[in-house]
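[1] Make a model of this:
(2 chains)
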Protein chains: 2
Amino acid sequence: MVKIRNKQYPLVADWNTLNRVFIRPEDEIGRKTLVKYMEQILFGLHDFLNKHVGVTEEISLIKLAEEYTDTKINAHPQKKLADVIKDIINEIAPRAVNVASPYFIGHMTSAIPFFMVHLKAITAALNQNVIKLETSKVLSVLEKQILAKMHRMIFNFDDHFYLEHVQNTETSLGNFTTGGTTANLTALWVARNKCFPSKGNFESIEKNGIFEAMKTHDLEKAVVLVSKRGHYSLRKAGGVLGLGNQNVIPIDVDANRTIDIIKLKSKIKELQANKKTKIVAIIGIAGATETGIIDPLPKLADICQKHGIHFHVDAAWGGPVLLSEKYCHLLKGIERADSVAIDCHKQFYMPMTSGMVYFKDPTAMDHIVYHSSYVNRPGSVDLGIKTLEGSREANSLILDSALKIMGSKGYALMIDHGIETAREFAKMISQRSLFQLVTKPQLNILTYRLVPLDIQKKLETADKEERQKLNYILDDINIKIQRIQREAGKSFVSRTRLKNSPDDYNNNVVLRSVIMNPMTNIDIINEVLDEQESIFHKLVNE
Amino acid sequence: MVKIRNKQYPLVADWNTLNRVFIRPEDEIGRKTLVKYMEQILFGLHDFLNKHVGVTEEISLIKLAEEYTDTKINAHPQKKLADVIKDIINEIAPRAVNVASPYFIGHMTSAIPFFMVHLKAITAALNQNVIKLETSKVLSVLEKQILAKMHRMIFNFDDHFYLEHVQNTETSLGNFTTGGTTANLTALWVARNKCFPSKGNFESIEKNGIFEAMKTHDLEKAVVLVSKRGHYSLRKAGGVLGLGNQNVIPIDVDANRTIDIIKLKSKIKELQANKKTKIVAIIGIAGATETGIIDPLPKLADICQKHGIHFHVDAAWGGPVLLSEKYCHLLKGIERADSVAIDCHKQFYMPMTSGMVYFKDPTAMDHIVYHSSYVNRPGSVDLGIKTLEGSREANSLILDSALKIMGSKGYALMIDHGIETAREFAKMISQRSLFQLVTKPQLNILTYRLVPLDIQKKLETADKEERQKLNYILDDINIKIQRIQREAGKSFVSRTRLKNSPDDYNNNVVLRSVIMNPMTNIDIINEVLDEQESIFHKLVNE
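    Model (predicted):
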């Protein structure tokens, strides 16, 4: 248990208390106390999480929920900061998920470098709002610079281009969002608006709406094409933007688990045969959420170029691989995209919540301009003029500082480690007779499942019908293994559903691993697999 | 200048460096250094900002921009954490905006209690992702609890209701967003989807899109009504959602500066006369961004109830006034809303970036459900099932802790102070002959302008034409005053444009003050006004 000295003052809401909590104290004792609290936050949490290398305390969700049912707001102060911190360390942390554990290899949330906590504290202490210059000043200018650095990483135009645009108040190379979801949404928002040029009384889809846009352009449908591995935020974007999420059309993947180019081409042909249908965008995935695979971006770029279709790349996951000299070639073709989404809180190892979207054309975001008379006046530096979100913290300062501390080579070490460890992981799976690799890791994500030996044998000769039955059994086994392992709280892989072979009826349950924690090594992975095997053996013997 | 001990190790990206920055150090010296950094962040920034009570260092934007034009990412580490922090304190902070200054009374961004920095550091250290249970566990449960507390603050249903819904995995009382913009967007997204029930082949607007929705329901237009004082995010929402931002129809305000109910009713009548038009929502403003005024919510509720129209209240600014026993009556009628938006980073005094949206009906958000096979499976607790955003930090923990530390009464002290100080401010303006109050503060926002005595005289007898000319002169004067005061960097009020009287041709420039910093007192306000007068006198004598 963590102990923090507990000064005795009464818990009342009055101006004295308010002064104490609001103004940071000026005397030495007050300062020392506040620093002590920060120490508790940094190391109290750290020590706890280090001692409990597993992912969470074993407690049923139902039991947990029962403790959180009081719905009245307390009138008077209930706790001092010291007690709040103590409770978070002693009560909340043990029941949260230790995403920093090297055994937590199931999701795209992981350990972050310790300095990120400092940087986040700085942004909170400065509390700038980068929506407008008047509440951010130098941070707006700094944000434009880091946006240009990232744009250059992706599109690599020449010095002249960046000198022209880096601090240009008329153009925008991209913007910060609150994550990949709104980055993808912003990209498709721009793509949608671009698609419907003004004509007669119709000015823009943004102003006049979709119904007018369709009528004016004599259309009935506007669609977006992406492989079946597309993130669900893309469907959501279709829904939000009023296109309809069924018009975000999923294209099958081929044997490489990437978008089937032949099927894509035939879908385009089919859609274009109907003059009432417009293709708003084609999306390439650069690091699929479930499998980590990267679509053949150059081929997609060719297709988009040929048909004049907006080419968006969802690199929310894979974008930072561009920092790796060794593996950036995997993203070849991304420089031909019209827009690119990249998350900061994924492989830039930043704390939640931060993403980015970039546009090759520095005027593309003119399609989503909004002004108001008290901020965001035309021609101003105000960054909020062309963003989905309104008020925003200065996450740009965190990314800028992190790049200064790590360098692209520092990031590359982590990226390379993830990819190479995942490849070793895959090797180990093929060496264990009980496991079957489902998707090979192209980046640092892989999927696999446990297949008991007797079922393996049966699968060899099973017809389609039988295989389906066997797959149901396997689904059940793998769901149980994932659940039991998660609940035991020592390690964690996630699960999803994928087709094992193109002619399977249904998607089958697979276990999914994401290797992004640089402390996750092959010994740990062996332990995780050992535990899964032992859970399976226990299941069989029950 | 702040000094931090600078240990000599080489700036290279290798595994040693990576280990040092990634794993929080285990030895005492390492720990002490990290704590020292936090101390610098807490007090280095604080002391600087306290010494420089003004809002920003005087430096031209153009000169500033010139320093931020390098667009190449450094390969090797450039700086150690110590130097990054030092630079932020010495180079960035002086050129950022001191939003914590009690002289910064121009925007809705202000000082936050010091403990908020600690709480933000905690969320970063835990780095939970509340999109799903598997990356948040207890935080998902805690978030549902605080959502219920806020819902109760707004709608005040009985114990039975909250006991049923607080931890119900099938229903949702609201969710956290990244701000008022996405809170409003989420509310209108739900309202839009509700408006178009399934019929024949048409399932939902979310699935089939707006064009199908309109055709199926034999409509041509779907509109939203809000007063001219509506936040620009509402227009943006109309654009994003595909309704068209011209279909977010602005209704004039009346002499009270609130929505003109007579004009609203006649607009409804006019719209309903056309059977091809559907009213998606009517919005009441509870704390207009520019003037702080609150629309007559009970009257709007009556109208919405009568016509069966979704009633949304944008209480991004004013929502927390519900915590004040003394002034909560100003928001009477909010409990009859179908949805309510409230910002956390405004009058809940939380760091950027956090907002919330609430729905009276716990099933309303079923209209925006999204599942995927690796997270957010049907029936799970996963909070990401019904949110616009994807991955999200646990801002709920900050709000929960803040309410424990402050109590509703602690918040009420600040709310009451803001309202009462603004009212005194207004009195002082009427006592100064050079100033004219434009909008009286209902909450803690007021607008006014400087009107030279000779122009005041002329205005008394001027006809409409002449008045317009005089207003142009006044616009020019007030723009200059605001700009010069801002650039001098000691204090800051913002400016916007409003009509001074309903029959003015144009909106006139007004100065705008927002009193939310509890340290802003009447002496400071006097200084701000003195400075404005003296700027004016200098202008005249030039």
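
[2] And what about A:I283, helix, strand or coil?
    strand (DSSP: H, G, I helix; E, B strand; the rest coil).

[3] Enumerate every residue touching the nearest residue to it once chain neighbours are set aside.
    The spatially closest residue to A:I283, leaving aside those adjacent along the chain, is A:V226, at 3.9 Å (Cβ to Cβ, 6 or more residues apart in numbering or on different chains). From N, CA and C alone the C-beta is placed, and that goes for glycine too. Listed by Cβ atoms under 8 Å, 6 or more residues apart in numbering or on different chains, the contact set of A:V226 reads A:L234, A:V248, A:I249, A:P250, A:I251, A:I259, A:I282, A:I283, A:I285, A:D314.

[4] Looking at those, which are in helices?
    A:L234 (DSSP state H).

[5] so can I have CSV of the contacts of A:V226 showing pLDDT?
    Supplementary listing: those in CSV, determined by pLDDT from 0 to 100:
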residue, pLDDT
A:L234, 98
A:V248, 98
A:I249, 98
A:P250, 97
A:I251, 97
A:I259, 97
A:I282, 98
A:I283, 98
A:I285, 98
A:D314, 98
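
[6] and the two most separated of the contacts of A:V226?
    Checked with Cβ to Cβ, these reach their widest spread between A:I249 and A:D314, with 15.2 Å between them.

[7] more crowded one of these two?
    The residue with more neighbours, out of A:I249 and A:D314 and counting by other Cβ atoms under 10 Å in any protein chain shown, is A:D314; that gives 31 against 15.

[8] and the more buried one, how far is that from B:Q456?
    A:D314 sits 60 Å away from B:Q456 when distances are taken as Cβ to Cβ, to the nearest Å.

[9] SS state for the residue nearest to A:I283?
    strand.

[10] Off-centre distance for stretch A:187-199?
    Centroid separation for stretch A:187-199 versus its chain: 25 Å, with Cα atoms, centre = their mean, to the nearest Å.

[11] cool, and stretch A:164-184?
    If you compare the mean C-alpha spot of stretch A:164-184 with that of the full chain, they lie 17 Å apart, counting by Cα atoms, centre = their mean.

[12] Repeat that for stretch A:123-130.
    Computed by Cα atoms, centre = their mean, the separation of stretch A:123-130 from the middle of its chain amounts to 23 Å.

[13] What average pLDDT does it get?
    In this model, stretch A:123-130 has a mean pLDDT of 93.

[14] According to the record, where do the domains of chain A fall?
    Residue ranges of the domains in chain A are recorded as A:2-98, A:179-364, A:414-541, according to automatic domain parsing.

[15] Highest mean neighbour count out of the ones you listed?
    Mean neighbour count, computed with mean count of other Cβ atoms under 10 Å in any protein chain shown, is highest for domain A:179-364 among the domains of chain A, reaching a mean of 22.

[16] any idea how far chain B is from A:L383?
    Relative to chain B, A:L383 is positioned 13 Å away (Cβ to the nearest Cβ, to the nearest Å).

[17] A:N175 too?
    In this structure, A:N175 lies at 13 Å from chain B, with Cβ to the nearest Cβ as the measure.

[18] Also A:H217?
    11 Å.

[19] Leaving out the residues flanking it, which one is nearest to that residue?
    A:F196 (5.9 Å).

[20] from memory the one you found sits against A:I205, does it?
    Yes: counting by Cβ atoms under 8 Å, A:F196 does reach A:I205; the two are 4.5 Å apart.

[21] Now for A:L163, how many residues are close by?
    Using other Cβ under 10 Å, A:L163 has 14 neighbouring residues.

[22] residue contacts, A:C344?
    Neighbours of A:C344 in contact, by Cβ under 8 Å, 6+ apart: A:F176, A:M350, A:S354, A:G355, A:M356, A:N395, A:I398, A:L399.

[23] low-confidence ranges in the stretch 201-350 of chain A?
    With pLDDT under 70 as the threshold, the stretch 201-350 of chain A has no low-confidence stretch at all.

[24] ugh, typo on my part, it should be chain A
    Chain A contains residues with pLDDT under 70 at A:1-10, A:22-26, A:49-58, A:374-376, A:502-503.

[25] where do the strands sit along chain A?
    A:174-177, A:221-227, A:248-251, A:277-285, A:310-314, A:339-343, A:355-359, A:435-439, A:445-450, A:494-498, A:508-514 (DSSP state E).

[26] ok and the longest one relative to strand A:310-314, angle-wise?
    In this structure, strand A:277-285 runs at an angle of 30 degrees to strand A:310-314, with axes from the mean of the first three to the mean of the last three Cα atoms, to 10 degrees as the basis.

[27] who does strand A:277-285 touch, helix- and strand-wise?
    Contact here means 3 or more Cβ pairs under 8 Å, 6 or more residues apart in numbering or on different chains; DSSP states H and E; on that basis strand A:277-285 packs against helix A:180-194, strand A:221-227, helix A:261-273, helix A:297-307, strand A:310-314.

[28] Distance of A:F311 relative to A:P296?
    A:F311 sits 12 Å away from A:P296, going by Cβ to Cβ.

[29] Who are the contact partners of A:D523?
    Counting by Cβ under 8 Å, 6+ apart, there are no residues that A:D523 touches.

[30] I'd guessed A:R497 sits against A:R512; true?
    No: with contact taken as Cβ under 8 Å, A:R497 and A:R512 are classed as non-touching, separated by 10.0 Å.

[31] ends of stretch A:174-188, how far apart?
    As for stretch A:174-188, its first-to-last residue distance stands at 13 Å under the measure Cα to Cα, to the nearest Å.

[32] same question, stretch A:87-104
    Stretch A:87-104 end-to-end distance (Cα to Cα) = 24 Å.

[33] Grab the nearest non-local neighbour of the closest residue to chain B within chain A.
    Chain B sits closest to A:G242 of chain A, with a gap of 2.3 Å, by Cβ to the nearest Cβ. Setting aside the residues directly before and after it, A:G242 is nearest to B:G242 in space (Cβ to Cβ, 6+ apart), at 2.3 Å.

[34] Taking strand A:445-450 as reference, get the angle to the lengthiest helix in chain A.
    As assigned by DSSP H, the longest helix anywhere in chain A is helix A:395-431. Here helix A:395-431 points in a direction 30 degrees away from that of strand A:445-450 (the same axes, to 10 degrees).

[35] So is helix A:395-431 next to chain B?
    Yes: between helix A:395-431 and chain B, judged by Cβ under 8 Å from any Cβ of the partner chain, the touching residues are A:397, A:401, A:403-410, A:412-414.

[36] which residue sits closest to A:V21, ignoring its sequence neighbours?
    With Cβ to Cβ, 6+ apart as the criterion, A:V21 has its nearest non-adjacent residue at 4.7 Å, and that residue is B:P113.

[37] if I pick that neighbour, what's in contact with it?
    Residues A:V21, A:F22, B:Y349, B:A402, B:I405, B:M406 are the ones in contact with B:P113 under the rule Cβ under 8 Å, 6+ apart.

[38] Can you tell me which of the residues you listed is nearest A:N90?
    Taking Cβ to Cβ as the measure, B:I405 is the one of the contacts of B:P113 closest to A:N90, at 17.0 Å.

[39] Write down the beta-bridge partners of the nearest residue to A:R486 once chain neighbours are set aside, one by one.
    The spatially closest residue to A:R486, leaving aside those adjacent along the chain, is A:F492, at 5.4 Å (Cβ to Cβ, 6+ apart). Here A:F492 shows beta-bridge partners A:F104, assigned using DSSP bridges.

[40] Do I have it right that A:Q78 meets A:L11?
    Yes: using Cβ under 8 Å, A:Q78 and A:L11 qualify as a contacting pair, with a distance of 6.9 Å.

[41] Helices of the stretch 1-150 of chain A, residue ranges please.
    Applying DSSP state H, counting those that start in this stretch to the stretch 1-150 of chain A gives helices spanning A:15-22, A:28-39, A:45-51, A:61-66, A:81-87, A:115-126, A:138-155.
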